[in-house]
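Q: my questions concern the predicted model and sequence given below.
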Amino acid sequence: MPAAAEVVVPAAREAAESEAQPGLDSSDGPGAVHSGVPGPGPGVAEIVARAVARAMDEDDTQDLPNVAAPRRGTAVTEVPLHLPFRAASTVPLPERAPAAAPRPARPAPGRRVPRGDDRLREHRGPVLPGWVGVAVGGLALAGCTAVLWRAGILPAPLVAAFGAAPRAYQGLRAAHWPPLAFLGIVALVALGGLGRARTGHAWVLTLFGRYRGTVRRTGLTWVSPLLLRRRVDVRLRHWRSDPMPAVDSGGLALQVVVQVVWQVKDTARATLAVADHTEYLAEQVESAMARVLSQLPADAFHEDAPTLRDAEAVGDALTRMLAAETEAVGIEVFSAQPTRIEYAAEVAEAMRRRRVAAIDAKHRDAVLTSVVDAVDDTVHRLTSRGLVELDDYERKALVKDLTVAFYTGRTD
């Protein structure tokens, strides 16, 4: 819109100025001549009005005041160009579609760590103190005894021992069977659910294959006899492996012994998520040890570099890896330390000779360094104090003799 206004206004002003010039007759018709000067020609003001109307039509405005088209020959001094604008200075843009939610980052390719079933978590199982089962079972047995006494089945000496009068035997009638059956079932359930829970052990309860909870209470307890109990050792335990084969980063065969300190943290996963959690732990120890030991050399003979002799660093890496692997089966690993790392029998002799050679080379290098320092210090003192004056030949001879003497004295 501003560009259209800038085009129309100069045209209107030029038309007005041309009509206001002397020598133009505003009352004559189109093409009239006054004093030999041609008139402005017909339709100049009309063309301006049409341009204004075209600009208004393009802007879709309705509030522009009506402007009558000037008649021919009429001087135009001002053209109203009050072009309307809406309340908002800008035309509303179409709404943008909401940005799509960022896609979740894909996990880095590689080995996946087992996570286990998140629905299988340890929780407290249904259990009651043992005295409740004893009390209910005792009351049920007492009720059965009373029913039998009323039927006259109990022998007279037993009845007399309780201080009651014996009754004549009348036989079991139909009215005696329901209470006897009910009280007998109650006694069986109450006394059959009693158990002795030991310290450091837990019971995993299942009903028709479904996990119902874990009992960690100790002492005399009562658990429903319909539930199947599986005892799990939850004490802090340690496991020492036999010498296991492995290789270092250079492919040399090794024999490694590892000691693991662990404990069952989630009894539900340890019992139901794997067939045997102890065998699973042993296999994961061997697997994690092979991955950790293959990252470093067993020895760095001629350079100062990290090796498998750093037991603390190797143990920390092995512990972290093993803890991540066994978390899925409810096992918590506190420590996994290699207690012995040795070369296999087929390479042990060759590695021993190489180690001896490396130690000997390092010793000779240290001796030679100390000899050179001693020779340099001796020659510098002799020359700096002015005790001797040596030319290049004499200096070289003195250095040679001192080096031989010092090196012979250090190695003897």
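A: Thanks, I have the structure now.
Q: helix or strand for residue 262, which one?
A: strand 253-264 (DSSP states H and E).
Q: what is the subsequent helix or strand relative to that strand?
A: By DSSP H and E, the next helix or strand past strand 253-264 is helix 267-272.
Q: how far does stretch 172-180 stretch from one end to the other?
A: This stretch, stretch 172-180, spans 10 Å end to end (Cα to Cα, to the nearest Å).
Q: avg pLDDT for it?
A: The average pLDDT within stretch 172-180 is 84.
Q: give me the contacts around that stretch.
A: With Cβ atoms under 8 Å, 6 or more residues apart in numbering as the test, stretch 172-180 has contacts from 143-144, 147-148, 150-151, 153. Using the backbone N, CA and C atoms, a C-beta is placed for each residue, glycine as well.
Q: coming back round to it: just checking: what are the partner strands of the strand holding residue 262?
A: Paired neighbours of strand 253-264 in the sheet (DSSP bridges): strand 237-240 (antiparallel), strand 244-247 (antiparallel), strand 331-343 (antiparallel).
Q: can I get the contacts of stretch 172-180 in JSON lines with distance to residue 176?
A: As requested, these are exported to JSON lines (distance: Cβ to Cβ, whole Å):
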{"residue": "143", "distance to residue 176": "12"}
{"residue": "144", "distance to residue 176": "10"}
{"residue": "147", "distance to residue 176": "6"}
{"residue": "148", "distance to residue 176": "8"}
{"residue": "150", "distance to residue 176": "8"}
{"residue": "151", "distance to residue 176": "5"}
{"residue": "153", "distance to residue 176": "9"}
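Q: so which of those residues comes closest to residue 50?
A: Taking Cβ to Cβ as the measure, residue 50 lies nearest residue 143 of these, at 116.2 Å.
Q: where is the longest helix in the protein?
A: Scanning the chain for the longest helix, with DSSP state H as the assignment, gives helix 345-384.
Q: before we move on, back to that, what about the contacts of stretch 172-180, which are in strands?
A: Among the contacts of stretch 172-180, none falls in strands (DSSP state E).
Q: just the buried members of the residues you listed?
A: Buried members of the contacts of stretch 172-180, scored by 16 or more other Cβ atoms under 10 Å, are 143-144, 147-148, 151.
Q: now, the residues you listed that are in helices?
A: 143-144, 147-148, 151.
Q: export those residues as JSON lines, with columns for pLDDT and distance to residue 327.
A: What follows is these, written out as JSON lines (pLDDT from 0 to 100; distance: Cβ to Cβ, whole Å):
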{"residue": "143", "pLDDT": "90", "distance to residue 327": "52"}
{"residue": "144", "pLDDT": "88", "distance to residue 327": "52"}
{"residue": "147", "pLDDT": "85", "distance to residue 327": "56"}
{"residue": "148", "pLDDT": "83", "distance to residue 327": "58"}
{"residue": "151", "pLDDT": "78", "distance to residue 327": "62"}
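Q: turn those into TSV, columns for distance to residue 316.
A: Shown next, in TSV, are those (distance: Cβ to Cβ, whole Å):
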residue	distance to residue 316
143	65
144	65
147	70
148	71
151	75
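Q: any idea which of the residues you listed is closest to residue 217?
A: residue 143 (28.7 Å).
Q: can you pull the contacts of the residue nearest to that closest one when sequence neighbours are not counted?
A: Excluding its sequence neighbours, the residue lying closest to residue 143 (Cβ to Cβ, 6 or more residues apart in numbering) is residue 183, at 4.4 Å. Residues near residue 183 by Cβ under 8 Å, 6+ apart: 140-141, 143-144, 147.
Q: quick one: residue 183 is in a helix?
A: Yes: according to DSSP: H, G, I helix; E, B strand; the rest coil, residue 183 belongs to a helix.
Q: quick one: contacts for residue 137?
A: Counted by Cβ under 8 Å, 6+ apart, residue 137 has contacts 186-187, 190-191, 194.
Q: go again using 6 Å as the cut-off
A: 187, 190-191 (Cβ atoms under 6 Å, 6 or more residues apart in numbering).
Q: scan those residues and report the most crowded one.
A: Ranked by the number of neighbours (other Cβ atoms under 10 Å), the contacts of residue 137 place residue 190 first, at 21 neighbours.
Q: for the strands paired with strand 253-264, which one sits closest to residue 265?
A: strand 331-343 (4.1 Å).
Q: which parts of the closest one are buried?
A: 331, 333, 336-338, 341, 343.
Q: stretch 231-249 too?
A: Within stretch 231-249, the residues that qualify as buried by neighbour count (16+ other Cβ under 10 Å) are 232, 234, 241, 244, 246, 248.
Q: please apply the same query to stretch 401-410.
A: For stretch 401-410, by 16+ other Cβ under 10 Å, it's 402, 406-407.
Q: next: stretch 351-358.
A: By neighbour count on 16+ other Cβ under 10 Å, the buried set for stretch 351-358 is residue 351.
Q: turn the contacts of residue 183 into TSV, including distance to residue 201.
A: Output for these, formatted as TSV (distance: Cβ to Cβ, whole Å):
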residue	distance to residue 201
140	29
141	30
143	35
144	34
147	40
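Q: for whichever helix or strand comes after the longest helix of the chain, which helices and strands make contact with it?
A: The first helix or strand that comes after helix 345-384 along the chain, using DSSP H and E, is helix 392-411. The helices and strands touching helix 392-411, judged by 3 or more Cβ pairs under 6 Å, 6 or more residues apart in numbering; DSSP states H and E, are helix 345-384.
Q: so residue 136 is in contact with residue 190, correct?
A: Yes: taking Cβ atoms under 6 Å as the definition, residue 136 is a contact partner of residue 190 at 4.1 Å.
Q: and the protein, what are its domains?
A: According to automatic domain parsing, the chain comprises the domains 1-89, 128-232, 237-343, 349-411.
Q: most tightly packed of those?
A: domain 237-343 (a mean of 17; mean count of other Cβ atoms under 10 Å).
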